[in-house]
Each structure stands twice: as C-alpha cells, then as structure tokens.
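J.: Give me coordinates for this.
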Amino acid sequence: MSDIRIISDSGSDLSDEMRAEAGVEETIPFFMNIGGETVTDDNTLSVPVLLQKMKACTEKMTSACGSPHDWKEAFIKAGKAVAVTLSQKLSGSYASACAGLKMAKEEAGCEGYVFDSMSAVSGETLLVYKIREFIDKGLPMAELIEKTEAFIKSMRTFFVLDDISNLVKNGRMSKITGTIVNVLGIKPIMGDRDGEIELFGKVRGANKIADKMVEMIAESGRVINGDDFVVTHCNNLPLAQEIVEKAKARFNFGKIRIVEARGLAAFYACDKGIVMSF
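T.: Modelled structure (predicted):
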C-alpha cells in the first residue's frame, strides 16, 4: 500500500464519508466573515444557517484561507502527502499550502507536493478522487505528480448561479460582467479559463438550465470516455439530478457523484448554485 497521503482545503466539499472513501488525511478549513462574525468551514458548520446569515447580512462578506501553520502541521502529521487547493488565481490557499509544505520540509523532512486545482468546488472533489485512483495504482510520487498535473490541464468546470454578488464583491469575477448579468436578468453559465472565472454563456428560464449545462460539456471539446463526473449543488438537488440524468444519456461517463456544497462553496455559489466538473 502506498504511503502517500492526501490533504485538501475545504473547497473540496468532502463529507466525512467522502474523506474516508478517498483516504483524505486532513481538510484545512476556510473562514468566512459575515457581519463581523467569523464562520469556520468545518464539520460544525450548518449550510442552511450560513445561508440565513448571508441573506440577513447587509455588509460586505469576505473569506480567508487556512494559515501556512495549519498546512505545515497537516504535512508533518501525514509525513508524505500531496495537497489539493482552490485555484491560486481565486484564493491564497495554494500559496499558504506551499509555505506550509516548505516549513514542514525544513522542520521535519517531510516529502510532499501542492496541486493548484486551477478550479474550485466540484473540480477539487474530482481531483481528490483522481489522485486517490493514482495512489491505488501504486504510482510513485514523481509519476503521480506528472499524471495529476496533466489531468488538471484537461479538467473542465462550469457553473450556474442564482446570485453572483459575492463573486463580484470579492473580486472573483469582473464587475462589468456582473453588471451585465444583473441588468439583463439572465442566469450566467460560467467556467474556468486558466484558473480564472469567465462567462461562457447565458440562459433564460430555470427549465433550460440542465440542457444548457449539458451542452457546455459537448462544447468543451473534452472527449468523455469513462471519465468521472462531479456535480455539486447548494440546496438544489433536483437540478443536480436532472443534469446528471441528461449527461448520462448523452455521454459515456464513469463514476458520477452528486455532492452537497459545504461552507466555502455555499458562500460563493449561494442558494441554488450548481457547479460541475469532468
């Protein structure tokens, strides 16, 4: 059995059951500041309560990643590990993990590597399970890193939100794009482009969202041949299921997972948000 462990930030939305299944050693939480209150993205967090706090808050809400010290301790505990973080173009989590790994190497001689997922939410979930697959195949660290980096380059993420205000306010997407979306009253279909958020399309009417999301898979140019598919939802299981059923009918996906958003995903995707990765 491989001695390589997996560490992730809480942007991966892993439940306790998923952590056990994927063999994730530790999850480093993000923190959300809502009306002066700091909320930790861990097992104590209730997403419905978080959404209520957000709805009631009239001030700017912000998020922060875990500290280098948190990552250092996780790497030392694991001994030999790879980490998965939210895109470095959207968060400081990657830089924090790299700093933590550097300290762990200096203090305890740990071996490790930090993957910039170039994505978030379902993209991180998908990446964690892909790494688990490589570890189970017995790949040595160097080959695991090479294959995982190649997978990251091929992975695609798309999402649709009812509310994009937190993304705009916190600089995660263009204010111009956000203004256009709000003025037109449309639902934006957004996705990843080199680790940043870009507007890929739009849809009018909730009944058309699933079809449009599935069409994004076809338009992505990615050849689907038994690949895994992850759909993360924030209080929107029916739409997640509809997307999955339509995708299954059209593409040759392998393992499909529907995941409930945890804290950070809910903070930015807000109520009813959907994020998918493949």
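J.: Verify the contact between K89 and R193 for me.
T.: No. Between K89 and R193 there is no contact under CB atoms under 8 Å: 9.7 Å. C-betas here are computed from N, CA, C, even on glycine.
J.: that's a helix at F267, yeah?
T.: Yes. Using DSSP: H, G, I helix; E, B strand; the rest coil, the secondary structure at F267 is a helix.
J.: ok, I4 - contacts?
T.: Applying CB atoms under 8 Å, 6 or more residues apart in numbering to I4 gives the contacts 80-82, 135, 141, 144.
J.: Is it possible to mark the buried ones in those?
T.: Among the contacts of I4, those scoring as buried are 81-82, 135, 141, 144 (criterion: 16 or more other CB atoms under 10 Å).
J.: Tell me which of those fall in helices.
T.: Among the buried ones among the contacts of I4, DSSP state H puts 135, 141, 144 in helices.
J.: Including pLDDT and distance to E17, could those residues go into TSV?
T.: As requested, these are exported to TSV (pLDDT from 0 to 100; distance: CB to CB, whole Å):
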residue	pLDDT	distance to E17
I135	98	19
M141	97	27
L144	98	24
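J.: Relative to E21, which of these is nearest.
T.: E21 lies nearest to I135 out of these, by CB to CB, at 12.8 Å.
J.: now the nearest residue to D13 once chain neighbours are set aside: how far from M18?
T.: Distances taken as CB to CB, 6 or more residues apart in numbering place R262 nearest to D13, at 4.6 Å, with adjacent residues excluded. Using CB to CB, to the nearest Å, we find R262 at a distance of 10 Å from M18.
J.: Among these two, which residue is more densely surrounded?
T.: When neighbours are counted by other CB atoms under 10 Å, R262 and M18 differ, and R262 comes out ahead with 26 against 16.
J.: Can you tell me which of the ones in helices among the buried ones among the contacts of I4 is closest to V231?
T.: Using CB to CB, these come closest to V231 at I135, 24.0 Å.
J.: show me the residues around the spatially closest residue to the closest one that is not a sequence neighbour that make contact.
T.: Spatially, and ignoring its direct neighbours in sequence, I135 is nearest to S2 (4.8 Å; CB to CB, 6+ apart). Listed by CB under 8 Å, 6+ apart, the contact partners of S2 are 135-136, 138-139.
J.: In stretch 55-70, which residues are buried?
T.: Here stretch 55-70 shows 61, 63, 65-66, 68, 70 as buried, counting by 16+ other CB under 10 Å.
J.: With secondary structure and pLDDT added, can I get those in a markdown table?
T.: Shown next, in a markdown table, are these (DSSP: H, G, I helix; E, B strand; the rest coil; pLDDT from 0 to 100):
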| residue | secondary structure | pLDDT |
| --- | --- | --- |
| M61 | coil | 90 |
| S63 | strand | 94 |
| C65 | coil | 98 |
| G66 | coil | 98 |
| P68 | helix | 98 |
| D70 | helix | 98 |
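J.: Just flag the most distant two among these.
T.: M61 and P68 (24.0 Å).
J.: Can you classify M213 as helix, strand or coil?
T.: M213 - assigned by three-state DSSP - is helix.
J.: from now on call the first residue 32
T.: New numbering, starting at 32: the last item is M244.
J.: how deep is it tucked in, by neighbour count?
T.: Neighbours around M244, by other CB under 10 Å: 25.
J.: what does M221 give?
T.: Counted with other CB under 10 Å, the neighbours of M221 add up to 25.
J.: Then G226?
T.: 18.
J.: Tell me where this structure has strands.
T.: For the chain, the strands defined by DSSP state E occupy 36-40, 55-59, 62-65, 68-71, 93-95, 111-116, 142-147, 188-191, 218-224, 227-234, 260-264, 287-291, 305-308.
J.: Helices along the stretch 132-281 of the chain, start to end?
T.: Secondary structure of the stretch 132-281 of the chain (DSSP state H, counting those that start in this stretch): helices at 153-167, 172-185, 196-200, 206-215, 240-250, 268-281.
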